[in-house]
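Q: Fold the following.
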Amino acid sequence: MAAMRLSLIAVALLLVAYAFYEFRLWRTRGAELSISPRQRRIRVIGFVLLLIAIGLWYRGTYLAVPHFLPGMDKRLFKEQAANYLGYWMVTFIVLLPLIPLALLDTRENVLQVIAERRQIREDAFGRVAGMAVEAPVDADQDASPRPPGEGPGVRDAGGEA
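A: Coordinates of the predicted model:
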């Protein structure tokens with residue numbers, strides 16, 4: 001049990017150290033362009049919820065698991081069991097929003113990559129009258145399929161190209 005408590009403390013300390021690193025990184029000029037304000041908000045909320053969940057989990061390691069002993073009042077045992085299960089349900093409920101927050105953060109990353117790709121494509125091929133220009137097609141490529149042995153660069157039996 002002591003090893004679990006120490007590991008939870010270590011995880012919480014590593015999480016706090018990483019959060020300080022992230023927050024310092026957000027203040028640099030390059031990070032301002034790469035992380036949107038919405039993404040920062042999502043990450044801060046996720047960090048706070050994760051710290052709360054780790055704290056609840058750590059506190060939960062000190063809770064006594066209720067055991068029914070002979071001669072014990074059943075009503076008292078049921079109340080202790082309900083308190084114990086309620087505590088762990090609250091801990092789980094605090095952990096649950098981390099999944100949609102992670103998905104939102106991933107969505108923001110994907111949207112950012114799509115925008116960057118679009119910008120690179122526009123820079124590479126230019127714009128004409130407000131419309132994107134298609135990528136150039138090789139001269140040897142043709143849209144119509146040809147059977148094998150026919151087409152540019154294939155010699156027929158007569159030796160002509």
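Q: from here on, contacts and neighbour counts on C-alpha atoms
A: Will do.
Q: State the distance from residue 17 to residue 111.
A: Residue 17 is 28 Å from residue 111, where distance means Cα to Cα, to the nearest Å.
Q: Could you do residue 4 as well?
A: Residue 4 is 39 Å from residue 111, by Cα to Cα.
Q: Could I get the full set of helices for the protein?
A: In the chain, helices defined by DSSP state H lie at 2-26, 29-34, 37-60, 74-95, 98-125, listed in chain order.
Q: so of those, which one's packed in deepest?
A: helix 37-60 (a mean of 16; mean count of other Cα atoms under 10 Å).
Q: Mind giving me the packing neighbours of it?
A: helix 2-26, helix 74-95, helix 98-125 (3 or more Cα pairs under 8 Å, 6 or more residues apart in numbering; DSSP states H and E).
Q: how far off helix 37-60 does the longest one point, in degrees?
A: Going back to what we said before, that points to helix 98-125. 150 degrees (axes from the mean of the first three to the mean of the last three Cα atoms, to 10 degrees).
Q: Okay, now the unreliable bits of the chain?
A: Applying pLDDT under 70 to the chain flags residues 1, 29-33, 127-161.
Q: Residue 9: what's it in contact with?
A: residue 58 (Cα atoms under 8 Å, 6 or more residues apart in numbering).
Q: That one and residue 73: what is the separation?
A: Relative to residue 73, and taking Cα to Cα, residue 9 is found at 36 Å.
Q: do the same with residue 58
A: Where residue 73 is concerned, residue 58 sits at a distance of 29 Å (Cα to Cα).
Q: ok so, going back, can you check which of the helices of the chain gets nearest to residue 67?
A: Among the helices of the chain, helix 74-95 comes nearest to residue 67, with 7.5 Å by Cα to Cα.
Q: Give the other helices and strands that the closest one contacts.
A: Partner elements for helix 74-95 (3+ Cα pairs under 8 Å, 6+ apart): helix 37-60.
Q: What lies in contact with the helix it packs on?
A: 5, 8-9, 12, 15, 19, 87-88, 91-92, 94-95, 98, 101-102, 104-105, 108.
Q: next one: stretch 69-84
A: 63, 65, 66, 67, 68.
Q: Including distance to residue 53, could the helices and strands packed on helix 37-60 go into CSV?
A: CSV is the format used below for the helices and strands packed on helix 37-60 (distance: least, Cα to Cα, whole Å):
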stretch, distance to residue 53
helix 2-26, 10
helix 74-95, 6
helix 98-125, 10
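Q: can you tell me which of those comes nearest to residue 36?
A: That would be helix 98-125 among the helices and strands packed on helix 37-60, by Cα to Cα, at 8.2 Å.
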